[in-house]
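# Attaching a predicted model along with its sequence, questions to come.
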Amino acid sequence: MLYKILFILFVLILIVDLSIFLLKFLKVRRIKKIETHTNKLISKKEYTKAEELLNKAIVKFPNDAHLHYSMGYLKYKANLIDDSIKELSYAIFLENKFSMAYYTIGYILFDKLGKNEEAKKYLNQALELNPKYEKPYNVLGVICEEEGNTQAAKDAFEKALKINETSDTYNNLGLLYIRLGEYDKALQNLNKAIQLENNNLEAIINLGNLYGLMQDYDLSCKTLTNAEELDKNNKYVKYWLGCVYYLKGEFKEAINKLEEGLKIDDKFAIAYLQLAMVYNKMGDKNKANEIYKYAIELDPQLKNTEKNG
């Protein structure tokens, strides 16, 4: 009789445990589905729809850290920085070992608020919780580079590569070598970045500019044209192409590209400055001076830049 009671109790406990496991599994699956849908809406910049979806989910699962993380990420993409940090911090409160939330706060503190020291604390905390997480190393490398500590920056990027060879990390390392004047190493890393991700716009732009620094203007122009095909509304690509055509002595093409950039952003001061340099080189001093003055009005810091090129 006792064995029968114990057996029944065992079966009941097993049923309860299986029921709890199944409920947890279904909950996680449902939340993952919501996160996937939300990310798709965010990528389309449909922030209102994404927020409505998340709010409904948070009402049902108010203590789910991942939903609050998604809300924090949404607020960041919508440029609501204070709200973003608040949601991400709450996600950490709910799950204090949430390394991705620590990383994202660190990234926002660096990228949006310029609070490098505070950012480093969050990034290091993310790495302490997950040493195999390469993204914090990338951001730490960029911060170190900004602070002039190139060796620490290089070390951080190389640590990231040991964990995971990503296009973004090779791009960051390539850009670092450009600034150090080590063009061969820069070329090697930028080509690797593009091999891993052939639509990495930033890496392609950096490669195009590197060819320009190496005075291979034809290859620079070809590479930047590839970048333009990826993003036809990128004012910086138009600007850099204008600069390369200027260096090639193809002034009409330079004017066309710079004016295309100015159609995208008619307050793009540095493009006006380059345009002034083109007209000055063509001998149209009056037009060059007129454009130069307007560029300075838009950005007085450009006053120290010679319009003669």
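Alright, I've got the coordinates.
# how about low-confidence regions in the stretch 151-300 of the chain?
Low-confidence segments of the stretch 151-300 of the chain (pLDDT under 70): none present.
# Show me the helices in it, by range?
167-180, 183-196, 201-213, 217-230, 235-248, 251-264, 269-281, 285-298 (DSSP state H, counting those that start in this stretch).
# Now those helices in a markdown table, please, with extra columns for distance to Glu158.
Heads up, the C-betas are built off the backbone N, CA and C, glycines and all. Below are the helices of the stretch 151-300 of the chain laid out as a markdown table (distance: least, Cβ to Cβ, whole Å):
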| stretch | distance to Glu158 |
| --- | --- |
| helix 167-180 | 8 |
| helix 183-196 | 11 |
| helix 201-213 | 17 |
| helix 217-230 | 25 |
| helix 235-248 | 28 |
| helix 251-264 | 35 |
| helix 269-281 | 33 |
| helix 285-298 | 40 |
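# Let me have those in a markdown table, extended by mean neighbour count and distance to Pro131.
Output for the helices of the stretch 151-300 of the chain, formatted as a markdown table (neighbours: other Cβ atoms under 10 Å; distance: least, Cβ to Cβ, whole Å):
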| stretch | mean neighbour count | distance to Pro131 |
| --- | --- | --- |
| helix 167-180 | 22 | 16 |
| helix 183-196 | 18 | 23 |
| helix 201-213 | 22 | 26 |
| helix 217-230 | 19 | 34 |
| helix 235-248 | 22 | 35 |
| helix 251-264 | 19 | 42 |
| helix 269-281 | 23 | 41 |
| helix 285-298 | 16 | 46 |
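# Which stretch among those helices approaches Lys33 most closely?
Closest to Lys33 of those is helix 167-180 (Cβ to Cβ; 27.6 Å).
# Show me what that closest one is packed against.
helix 134-146, helix 150-163, helix 183-196, helix 201-213 (3 or more Cβ pairs under 8 Å, 6 or more residues apart in numbering; DSSP states H and E).
# okay if I get those helices as JSON lines plus distance to Gly249?
As requested, these are exported to JSON lines (distance: least, Cβ to Cβ, whole Å):
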{"stretch": "helix 134-146", "distance to Gly249": "34"}
{"stretch": "helix 150-163", "distance to Gly249": "35"}
{"stretch": "helix 183-196", "distance to Gly249": "23"}
{"stretch": "helix 201-213", "distance to Gly249": "14"}
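# Tell me which of these lies nearest to Lys120.
Nearest to Lys120, of all the helices and strands packed on helix 167-180, is helix 134-146, at 6.4 Å by Cβ to Cβ.
# Only C-alpha atoms, please: export that closest one in CSV.
Included here for helix 134-146 are C-alpha records, laid out as CSV according to Å, rounded to 0.1, in the frame of the first residue of the first chain:
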residue,chain,number,x,y,z
GLU,A,134,33.2,39.9,-28.8
LYS,A,135,31.1,43.0,-29.2
PRO,A,136,32.2,44.7,-25.9
TYR,A,137,35.8,44.3,-27.0
ASN,A,138,35.0,46.1,-30.2
VAL,A,139,33.5,49.1,-28.5
LEU,A,140,36.3,49.2,-25.9
GLY,A,141,38.8,49.2,-28.8
VAL,A,142,37.0,52.2,-30.4
ILE,A,143,37.0,54.1,-27.0
CYS,A,144,40.7,53.4,-26.5
GLU,A,145,41.5,54.6,-30.0
GLU,A,146,39.5,57.8,-29.4
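# mean confidence score for that helix?
On average, the pLDDT along helix 134-146 is 96.
# got the contact list for it?
Helix 134-146 has contacts (Cβ atoms under 8 Å, 6 or more residues apart in numbering) with 103, 106-107, 110, 116, 119-120, 123-124, 126-127, 150, 152-157, 159-161, 163-164, 166, 168-169, 172, 176, 179.
# Now list the buried members of those.
103, 106-107, 110, 116, 119-120, 123, 126-127, 153-154, 156-157, 159-161, 166, 168-169, 172, 176 (16 or more other Cβ atoms under 10 Å).
# ok, now which ones touch the nearest residue to Leu190 once chain neighbours are set aside?
Counting by Cβ to Cβ, 6 or more residues apart in numbering, Gly174 is the residue found nearest to Leu190 once chain neighbours are left out, at 3.8 Å. Applying Cβ under 8 Å, 6+ apart to Gly174 gives the contacts Lys185, Ala186, Leu187, Gln188, Asn189, Leu190, Lys192, Ala193, Ala203, Asn206, Leu207, Leu210.
# run the last query once more with 7 Å
Residues near Gly174 by Cβ atoms under 7 Å, 6 or more residues apart in numbering: Ala186, Asn189, Leu190, Ala193, Asn206.
# For Tyr211, see how far away the first one is.
Looking back up the chat, that one is Ala186. Relative to Tyr211, Ala186 is positioned 10 Å away (criterion: Cβ to Cβ, to the nearest Å).
# The second one now?
Using Cβ to Cβ, we find Asn189 at a distance of 14 Å from Tyr211.
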